[in-house]
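Engineer: Sequence and predicted structure, then a few things I'm wondering about:
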Amino acid sequence: GDATPSAIRLESRKKKFTIKEQSEGDPRAPCVKVLAKHGITPEFIRDVYQTFVEIDTKETGFMSFEAFCKVFSQKPSEKMR
């Protein structure tokens, strides 16, 4: 099943996640609200996670710094570290 907190809803026409009132019992809801406020949606997190899984072909759970930067389409820099 979908692990998206119940406090999140995808509006199908706009493809934008919106935050409902925090659902009781879901400890992730406050964190999701803060992340979404900064443009980090559950959809973005799922996409990044999937990219990590695809890069980790040896299933070590680790990746190089260069690969990490590639996931975020950024050039390696001190800021990325």
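Structural biologist: Cool, got the structure.
Engineer: quick one, phi psi at Glu54?
Structural biologist: The phi/psi pair for Glu54 (degrees, to the nearest 10) reads phi -70, psi -40.
Engineer: so how far is His38 from Pro30?
Structural biologist: For Pro30, the distance to His38 equals 14 Å [C-beta to C-beta, to the nearest Å]. Every C-beta, even on glycine, is put in place using the N, C-alpha and C of the backbone.
Engineer: Also Lys75?
Structural biologist: 22 Å.
Engineer: More neighbours: which of the two?
Structural biologist: Lys75 (10 against 7; other C-beta atoms under 10 Å).
Engineer: Isn't that one up against Cys69?
Structural biologist: Yes: taking C-beta atoms under 8 Å as the definition, Lys75 is a contact partner of Cys69 at 6.5 Å.
Engineer: Return the backbone torsion pair for Pro27.
Structural biologist: phi -70, psi -10.
Engineer: burial of it, as a residue count?
Structural biologist: Neighbours of Pro27 (other C-beta under 10 Å): 8.
Engineer: Spell out the residue ranges of the strands in this structure.
Structural biologist: Here the chain has its strands, by DSSP state E, at 8-11, 16-19.
Engineer: Tell me which helix or strand in this protein has the weakest average pLDDT.
Structural biologist: When the helices and strands of the chain are scored by mean pLDDT, DSSP states H and E, strand 8-11 comes last with a mean of 46.
Engineer: pLDDT below threshold where in the protein?
Structural biologist: Low-confidence segments of the chain (pLDDT under 70): 1-24.
Engineer: measure Glu43 to Arg28 for me?
Structural biologist: Counting by C-beta to C-beta, the gap between Glu43 and Arg28 amounts to 15 Å.
Engineer: Compare these two (neighbour count), which wins?
Structural biologist: Under the criterion of other C-beta under 10 Å, the comparison of Glu43 against Arg28 puts Arg28 first, with 17 against 14.
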